[in-house]
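Novice: sequence and predicted model, in that order:
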Amino acid sequence: MAESKSDVLQGTLDLMVLKTLESMGPLHGYGIARRIEQVSANTLSLNQGTIYPALLRLEQRRWVKSEWGVSETGRRAKFYSLTRSGRKQIEQEIENWERIATLARFLAPSN
Amino acid sequence: MDWIRILLSRFAALFRSKKLDAELDEELRAHIDLAIEENRGRGMNESQARTAALRAFGGITQIRETYRVQRGLLGLEEAARDIRYAIRQLRKSHGFALTAILTLALGIGAATSVFSVVNAVLLKPFAFRDPDRLVVMRESVEDKARSERTAIPDNYRHFLRLKKGAAATLEDAAIFAQRGVSVSPNGDHPHIVGAITASPNLFRLLGVQPILGRDFAEGDAKKGADDVVVLSYEGWQSFFNGDTGVIGRTLRIGGQPTTVIGVLPPGVRFPQIVLAPKIAFQEFARDALLFEPLAPSERDLNADMGNFNYKAIARLKPGVTLAQANAELEALQNAYTLSAHLPLHFGIALMPLAKDVASGVSGALWMLFAAVGAVLLIACVNLANLQLARAVNAERETAVRAALGASRGQLARSRLAESLVLAFAGGAAGTALAFGGVRLLIALAPANIPRLDEVHVSTPVLLFAAGLSIAAAIAFGMLPALRSLRVAPQAVLQANSTRAANTQESRRTRSMMVAAQVACTVVLLIVTSLALRSFSHLLRQDRGFDASYVTLAQVDLFSPQYGDSSNTYKAAKLSFTDRALAALGQLPGVQSVALTSVAPLTGETWVDSLTRPDHPVPAGKEPAINVRWINPDYLPTMRSPLVAGRNITDADRANPYVALISERTAREGFPGEDPIGRKITDLVPDDKHPITVIGVVADARINGLKDNAAMVYLPYWAFTPWTLSFLVRSSQPSDALIPEMRRAIWQIDPQLAIPTLKSMDEQVSDSVASDRFQTMLLSGFGAAALFLALLGVYGVLAYSVSLRRQEFGVRIALGSGKSALIGLVLRQAAYPVLIGTVVGLAMALIALRWVHSLLYQTPVMDPLAVGGSVLLLLVAASIAAIAPARRAASTDPMRALRME
């Protein structure tokens, strides 16, 4: 039970990371974390650190790639960007989400 | 394919973990730095900015750990840790570890050795094209005695018709005969090698192509053109030392120059195919080194009855089943029997090649395999018991680990890791032992096991050993591992002694395992003692002849002057035989010299039917008899008594048409009559002269120890056979006599082969080699099983006594006597042993039905074997139980109580 719940959360986080990289272009971990915090407007309270296992997961699936670069403030940091299969994955994930959203509307109390 | 990528990148990460760790730290530092910078930009001071950054990040250590797990190979690091831990634990108790590894090594080594034989003899496909489609084709006739059909060898004429007719189901069929021929490559004394005379399509049918020279062509199979030979690879090596210019050279086979036209590739071994299931030839149990074309004789082409001298191998068309082919061939045989008005109704008997070749030994081999499996199983149960005891001992540690947050999976895994380490070490040692074991088995194995030269530790055998080790680890490691899942930390940690460990439940588990061991052992002991009974019966029953002080020399007259193409061959054979008998009689210490046409104990041969002119029976209904050509000294030399009439004497030489018959022949051929003076016919080749029965000889197990043969003995003056066996009775030991005999024979004709020259005792012993092999291996396995079961009973009891020390102390303090305590422990041992014995007896009932066919005249419910086995086991179990029981009784109550 507990596993399936975290699976959903993991999937959500993965999709948000992918989406962030899609809209923002190459970004370091801190940037991604901050962006997600802003977008979700604190509905998703997460430790920024959890972004790193997620990034590794995506990298292992070859959806994102990473390289060392320099931040706008001159600090050496690892930058992540989407791969081609990552872009494709976003479409698929969004489709999944839309199906779930439809279901959610259907299940919602109708008042 | 995602998981492959993930696995690959995780695997790669394994080897770079240090660098990756550094990279992660660098990345995380950058994250914090960037956060601090931003926070400071919002007006925080240095320390506020850092605190806020760290708070927003969450636990750095946890993140690092999650990241590492994500990066690493699915718990491989953890597994490595478990294994390191297990090795440390095992080193601490090296006595246990050594016992366990040794037990396993012996079990796995024995099982692997036996499997390598099973694999080569029964499982490995032949090195022919699509060997699954090859079948051995025999004809069949009705066996009136048992109202079933018996397979018989093939008749050439029948074969030709079948091959032509069976167009729907057979792709091809080849006919062949297997025999021994004498070869003298360098003009030395010749020796006898196995040869196959086959229709020229044999190699094409098998899918074998010569590596040198050519295959047989149809033209080779004609009288006059058939003096060509294809050598097997081994034959090429031994006759021509692998000379590549061998094609066109001459090899003298039976004195006839023969041209070598081809050499077969290495590894192509033609299997031993028996003429018919009930006919065993020792002399043909040689690998075929030569292949010659079969040029059919007039008799082959014209005889419909008799001349069943061939074997046939056929290839089924793809997709055709054995039953379909059988039906088509059976219909052809039926139609021909009717249209040709044959007096016998012929049918067909097909058998897949692999099954046919293994048919004589598969039952025995599978039984040995089952026996060695049972030994391994008992060994595993022993180890499971030991492991369980260790798990119970380690319960406190397990509880502590559980309390500190180890998951149930982790706990079970670390227990299982110990078993895996043991199994790996045991498996490796066992595989090493198997190399020696296989050699030992080959050395012990009787020559009649087919494909024995293919037995070696091969890849499938190694895979088997590996699989076996893993299975063993699971078998004996599962229970303790599962047990550690059930440890309730609180209960264990609160209990302040190890008494918690000796719960009713774990005691029951251990007793059950002892019972299982005892049950397996009972079955194995019963089978072993039955095999021993059967074997000793075979050796000790009355044979009807006396083999001691007799030496056997078999001589084959395969040189041209004895061959039927020479005009004087009859005289040549006769004169050689006379001279040899005289020369052997001159050797020192010789009392008598006998001649017989077939070496004793080499199976049914020269089987003919007993025809009586005064009492005609329909063709095919006559009793079958074995014909032997002997001299007058045969009966005295073999000490076979005459029960009626008179022996052959030298006076019969002028009119040699006299015969001795055995009691069985008298019973079957002359029921209720006096055979003396009766006539029989058609036993001397190409001679219709009636033969007078002059005597009846006591039955003897002369063809094989398992059967009294139906015999007809005729003097060699009527017909001198091409294979002669001289039996020399002498006061000299065989070892001294053998070189003398060889010299005497070669003095008469140096170009004769002497394929067999040994004492008759050796001949007797060789003839029961497969029974001895089976009995010997079974005894070994039975002894091993008994020993292991003994260890099992002792181990469990000793352990339980050591746990119950305090209880015994209290009992003694309260006035319990020593004998009462001994009784208590023995009773505890008695339950599993008795239950196991009963279960074992029930299992034996089932197993023995299957074993029955492997025993010789031994009832499966032989009271001595069954009772003896149970008694032996109970005595052994009592011995194993008495030491722990006495230890319990000698508990010092004061010390035991102070332990609290």
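Specialist: Noted; the coordinates are in hand.

Novice: grab the longest strand from chain B for me.
Specialist: Criterion DSSP state E: the longest strand present in chain B is strand B:170-183.

Novice: buried stuff in it?
Specialist: B:170, B:172-183 (16 or more other CB atoms under 10 Å in any protein chain shown). To be clear about C-beta, it is placed using only N, CA and C from the backbone, and glycine gets the same treatment.

Novice: and what of stretch B:288-308?
Specialist: Quick answer for stretch B:288-308 (16+ other CB under 10 Å): B:288-296, B:300, B:303-304, B:307-308.

Novice: quick check: mean pLDDT of it?
Specialist: For stretch B:288-308, the mean pLDDT works out to 85.

Novice: surely B:Pro460 meets B:Ala120?
Specialist: No - between B:Pro460 and B:Ala120 there is no contact under CB atoms under 8 Å: 9.6 Å.

Novice: which of the two has more residues huddled nearby?
Specialist: More crowded of B:Pro460 and B:Ala120, by other CB atoms under 10 Å in any protein chain shown: B:Ala120, with 22 against 14.

Novice: which non-adjacent residue is nearest the residue in the stretch 51-200 of chain B positioned nearest to chain A?
Specialist: Nearest residue of the stretch 51-200 of chain B to chain A: B:Gly58, at 2.5 Å (CB to the nearest CB). Spatial nearest neighbour of B:Gly58, chain neighbours left out: A:Asn47 (2.5 Å); criterion: CB to CB, 6 or more residues apart in numbering or on different chains.

Novice: enumerate every residue touching that neighbour.
Specialist: Contacts for A:Asn47 (CB atoms under 8 Å, 6 or more residues apart in numbering or on different chains) come out as B:56-59, B:63.

Novice: report the buried residues of the helix or strand containing B:Ala842.
Specialist: Element membership for B:Ala842 (DSSP states H and E) is helix B:818-851. Under the neighbour-count criterion of 16+ other CB under 10 Å, helix B:818-851 has B:821-822, B:824-826, B:828-829, B:832-833, B:835-837, B:839-841, B:844, B:847-848, B:851 buried.

Novice: quick one: the helix or strand following it to helix B:818-851, angle?
Specialist: Scanning forward in sequence from helix B:818-851 by DSSP H and E, the next helix or strand is helix B:863-889. Helix B:863-889 and helix B:818-851 are oriented at 150 degrees to each other (axes from the mean of the first three to the mean of the last three CA atoms, to 10 degrees).

Novice: sorry, back to before: include neighbour count and pLDDT when you put the contacts of A:Asn47 into a markdown table, please.
Specialist: Below are those laid out as a markdown table (neighbours: other CB atoms under 10 Å in any protein chain shown; pLDDT from 0 to 100):
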| residue | neighbour count | pLDDT |
| --- | --- | --- |
| B:Ala56 | 19 | 85 |
| B:Phe57 | 21 | 86 |
| B:Gly58 | 15 | 83 |
| B:Gly59 | 13 | 81 |
| B:Ile63 | 21 | 81 |
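
Novice: give me the low-pLDDT residue ranges for the stretch 601-750 of chain B?
Specialist: B:619-620 (pLDDT under 70).

Novice: picking up where we left off before, determine which two of the buried residues of strand B:170-183 are furthest apart.
Specialist: Spatial extent of these (CB to CB) is set by the pair B:Leu170 and B:Ser182 at 35.2 Å.

Novice: take the contacts of A:Asn47 and keep only those in helices.
Specialist: Judged by DSSP state H, helices contain the following of those: B:56-57, B:63.

Novice: got a pLDDT number for residue 92?
Specialist: All of this is about chain A. 82.

Novice: to clarify, I was referring to chain B.
Specialist: In this model, B:Lys92 is scored at 82, pLDDT.

Novice: what about it, how many neighbours?
Specialist: 9.

Novice: closest point of chain A to chain B, which residue?
Specialist: A:Asn47 (2.5 Å).

Novice: dihedrals phi and psi, that residue?
Specialist: Note on A:Asn47: its backbone torsions stand at phi -70, psi 140 [degrees, to the nearest 10].

Novice: distance of it relative to A:Ala41?
Specialist: 17 Å (CB to CB, to the nearest Å).

Novice: do the same with B:Gln517
Specialist: 69 Å.

Novice: neighbour count: these two, which is higher?
Specialist: More neighbours surround B:Gln517 than the other of B:Gln517 and A:Ala41, with 31 against 7 (other CB under 10 Å).

Novice: hmm, who's touching stretch B:294-305?
Specialist: Residues contacting stretch B:294-305 (CB under 8 Å, 6+ apart): B:155-158, B:175-177, B:197-200, B:220-226, B:307, B:340, B:342-344, B:619-620.
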